[in-house]
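Q: This is the structure alone, sequence omitted:
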């Protein structure tokens, strides 16, 4: 009996073993979680701490199935992406300290597989610096890869009028994406399927308070042109050629 008991570790030894097992288990869990988050070949985007992400690929941030934080890169697919964001900072203005919030900026780019990108913005200390980035953001905002090299992107300012509490940015971005702006991404315009086209988009009007009355008058024409471009790009070369020939016949009649 004594020999059998001697085969078991003492109380102090068991306590030490339990701590060792617990530490080992924790390390294994952390390693497993890290492996699950960092998928090989997946691109990422890092945002500055003073950046508020509003819309990602046509979806309001509050509706995403993950939380966006400044210290955690956003995982991206290998498709084209569009982010809508604002910059905020406490700046000095004539001896006073005021809160600055920039206009909503739209940035569209196509990452490379496995590429790691960082949105680079200057530190804003004065109201003059803040107003300069609002007036000419492309001279101050850059997108860089892991080596610090400049990455090409398309950029625009989302049309706004005054302070709009509770604004649905995703809806306004969808309408922006139906324009000819280089930063517009048709795939996030809400016209990706026939079902969407048959549920009111064909008769949609833009928010006059944001875009102005002239935009509303041209909305139908802009939407029709956007739809033509979208489906033309989706078609194979043979279908595209047949469509061009058909369009020429229609124009010549």
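A: Received the coordinates, thanks. The model shown is predicted, which means the values in this text are computed figures rather than measured ones.
Q: mind showing which ranges of the protein have poor pLDDT?
A: 1-40, 70, 161-165, 191-231, 233-234, 253 (pLDDT under 70).
Q: ranges for the helices of the stretch 1-150 of the chain?
A: Using DSSP state H, counting those that start in this stretch, the helices of the stretch 1-150 of the chain run over 2-6, 11-37, 127-135.
Q: For residue 123, give its distance to residue 56.
A: 24 Å (C-beta to C-beta, to the nearest Å). No exception for glycine: its C-beta is placed from N, CA and C like everyone else's.
Q: So for the two, which residue has more residues nearby?
A: Neighbour totals were compared for residue 123 and residue 56, and residue 56 leads with 22 against 8 (other C-beta atoms under 10 Å).
Q: list the contacts for that one?
A: Taking C-beta atoms under 8 Å, 6 or more residues apart in numbering, we find residue 56 in contact with 64, 68, 74, 81-84.
Q: again, only this time at 10 Å
A: Taking C-beta atoms under 10 Å, 6 or more residues apart in numbering, we find residue 56 in contact with 45, 63-64, 66, 68, 74, 76, 81-85, 170, 188.
Q: Would you map the strands across this protein?
A: For the chain, strands defined by DSSP state E occupy the ranges 43-46, 51-56, 59-60, 74-76, 81-93, 96-101, 105-109, 116-120, 142-144, 154-157.
Q: Let me have those in TSV, extended by distance to residue 166.
A: Shown next, in TSV, are those (distance: least, C-beta to C-beta, whole Å):
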stretch	distance to residue 166
strand 43-46	27
strand 51-56	13
strand 59-60	11
strand 74-76	24
strand 81-93	15
strand 96-101	15
strand 105-109	20
strand 116-120	26
strand 142-144	30
strand 154-157	20
